[in-house]
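A.B. asks: Please find the sequence and the predicted model below.
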Amino acid sequence: MGIPCHYALFDLQPAFDLDLDMLSSRYRELARKVHPDRFADGSEQEQRRAVEESANLNEAFQTLKSPSRRARYLLELQGQAMPLEATVQDPEFLLQQMHWREELEELHDEADVAGVMTFKARLKKAQQDISEAFSRIWQDPAQREEAERLVRRMQFLDKLSQEVRLLEERLDD
C-alpha cells in the first residue's frame with residue numbers, strides 16, 4: 001500500500017483553494033488520534049505504525065497549508081512530477097527578482113524598519129496575485145506550463161518572505 005493522498009487524509013477533494021482554519025482543526029483532531037504517545041504501551045508494530053501515520057499526517061499538513069507546496073502537489077497528482085529546480089524561462093520575473101533583492105539589500109543597509117513593513121505588504125500582495133492566478137488555471141491541461149511557471153514564482157516568493165522575516169528579526173535586535 002502506498003502513501004495515502006494528502007487530501008484523503010483530511011477527507012478533502014484535491015483543490016487549491018482550501019479553508020486553512022478547517023484544515024488546521026482537522027489536523028489537530030487527527031494528530032491526537034495517531035500521536036505515538038498514545039501507543040507507548042502498544043506492541044512494537046503499533047508503535048511503528050503510529051510513528052509512520054504521524055509522520056504522514058505531518059507531511060500532508062505541511063504540504064497542504066503552504067500554497068506553493070500545495071500547488072506543486074496538485075500538479076504532481078495530475079500525473080507528472082514537476083522538476084524541483086528548473087531553469088526559469090521567465091525573463092520578466094527574473095528582472096523582478098533582481099529588483100526585489102536589491103530593494104531588500106537597501107532596506108537592510110539602511111535598517112529601514114518601516115520600509116521593510118511596506119516591502120512585506122507588497123510581497124504578500126504579489127503572493128496573493130500569483131495564488132489567485134494559479135487557482136484559475138491549475139486544472140486546465142493546456143495551461144500546465146503556465147501553472148508550473150506560477151509554482152516557481154510562488155517558491156521564489158516563499159524564499160524571499162523568509163529572508164524578509166530574518167531581516168525583521170535582525171532589525172528588531
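C.D. replies: Sure thing, it's come through.
A.B. asks: mind listing what the residue nearest the centre of the chain touches?
C.D. replies: In the chain, the C-alpha nearest the mean C-alpha coordinate belongs to residue 66, at 2.5 Å (C-alpha atoms, centre = their mean). For residue 66, the contact set (C-beta atoms under 8 Å, 6 or more residues apart in numbering) comprises residue 158. Glycine gets a C-beta too; all of them are placed from N, C-alpha and C.
A.B. asks: again, only using 7 Å
C.D. replies: Under the criterion of C-beta atoms under 7 Å, 6 or more residues apart in numbering, residue 66 has no neighbours.
A.B. asks: Tell me the spacing between residue 102 and residue 110.
C.D. replies: Here the distance between residue 102 and residue 110 works out to 13 Å (C-beta to C-beta, to the nearest Å).
A.B. asks: Report the buried residues of stretch 159-166.
C.D. replies: Neighbour counts using 16 or more other C-beta atoms under 10 Å place 160, 164 of stretch 159-166 among the buried residues.
A.B. asks: One more: stretch 134-143?
C.D. replies: By neighbour count on 16+ other C-beta under 10 Å, the buried set for stretch 134-143 is 134, 138, 143.
A.B. asks: backbone phi and psi for the second one, please?
C.D. replies: Phi and psi for residue 138, reported as degrees, to the nearest 10, are phi -60, psi -30.
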